[in-house]
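In: Starting from these lines, generate the structure:
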Amino acid sequence: MDCSLLSSEMTNPIQQQLINYMLLSSNVYIIQNGHSLDDCAGARGVQLDLTGTTYCYTLEKPGGGSLDFDLTDSLSADFGEVLYDTYSINQTALVVSSYQCQTNNNAYGATYVPSDTIIPGSGYSVDNLPPCFFNLPVLYTDYTVKTTGEYVTTSGTPCQLRENTEDDGIGNYLPDNLASIFTRKFCIDKIGH
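Out: Numbers count the residues shown, from 1 in each chain. Sure, this is the predicted structure:
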């Protein structure tokens, strides 16, 4: 029996789950419709039809704030290569798993329950993930709705959802960890204003 195959079949899902936790703890999120389909590749996004409409989905993290005119940043191309080349995580699978987890549970960060779905011989693959394997928050923004602060356009960023509440529905408001970052001061206010 070749134990190296068994080892990689068990190690790969564990590493992928650790990457998911690292991304969550680093406040990484997925933006739906923050960029046009024409600009999607340049924003390092993927075009997917998960809702009956094709949108651009990008992996992003908080930027420097309105003082830097930098509210949100797409993760670098280098990071995307590391995800895929080192950990066999493709962005499409990460987005689809996170989106399905969020919509099926009507909650951010629903818990992945390990089961027999990732044991060797179970058919586990990054293209056939168990529910909530990845569970990054998916934020529904709209780059076409021009929302601005005093100096900064907040369209297509988490700042666009800053004043929304749970009553607006999952994906249309910020989870607590992001709400504490995307405050009025971060999104809109400038020194001296």
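In: Need the three-state assignment for the residue nearest in space to the middle of the chain.
Out: For the chain, the residue nearest the mean C-alpha position is residue 30 (2.4 Å; CA atoms, centre = their mean). Classification of residue 30 by DSSP: H, G, I helix; E, B strand; the rest coil places it in strand.
In: Which parts of the chain are helices?
Out: With DSSP state H as the criterion, the chain has helices at 3-25, 77-87, 91-105, 176-179, 184-187.
In: Can you lay out these as a markdown table showing mean pLDDT and mean neighbour count?
Out: For glycine as for every other residue, the C-beta is placed from the backbone atoms N, C-alpha and C. As requested, the helices of the chain are arranged in a markdown table below (pLDDT from 0 to 100; neighbours: other CB atoms under 10 Å):
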| stretch | mean pLDDT | mean neighbour count |
| --- | --- | --- |
| helix 3-25 | 78 | 14 |
| helix 77-87 | 88 | 13 |
| helix 91-105 | 93 | 20 |
| helix 176-179 | 96 | 14 |
| helix 184-187 | 85 | 17 |
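In: Export those helices as a markdown table, with columns for distance to residue 129.
Out: Listed next are the helices of the chain as a markdown table, based on distance: least, CB to CB, whole Å:
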| stretch | distance to residue 129 |
| --- | --- |
| helix 3-25 | 9 |
| helix 77-87 | 13 |
| helix 91-105 | 5 |
| helix 176-179 | 23 |
| helix 184-187 | 33 |
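In: re earlier: please report how far the residue nearest to the centre of the chain lies from residue 110.
Out: 14 Å (CB to CB, to the nearest Å).
In: again with residue 73
Out: Using CB to CB, we find residue 73 at a distance of 26 Å from residue 110.
In: Please apply the same query to residue 38.
Out: From residue 38 across to residue 110, the span is 33 Å (CB to CB).
In: When these two are compared, which one has more neighbours?
Out: For residue 38 versus residue 110, neighbours defined as other CB atoms under 10 Å are more numerous around residue 110 (17 against 8).
In: Please list all residues in contact with that one.
Out: Shown in contact with residue 110 (CB atoms under 8 Å, 6 or more residues apart in numbering): 101-102, 104, 132, 135.
In: ditto for residue 43
Out: Residue 43 makes contact with 34-35, 56, 58, 74, according to CB under 8 Å, 6+ apart.
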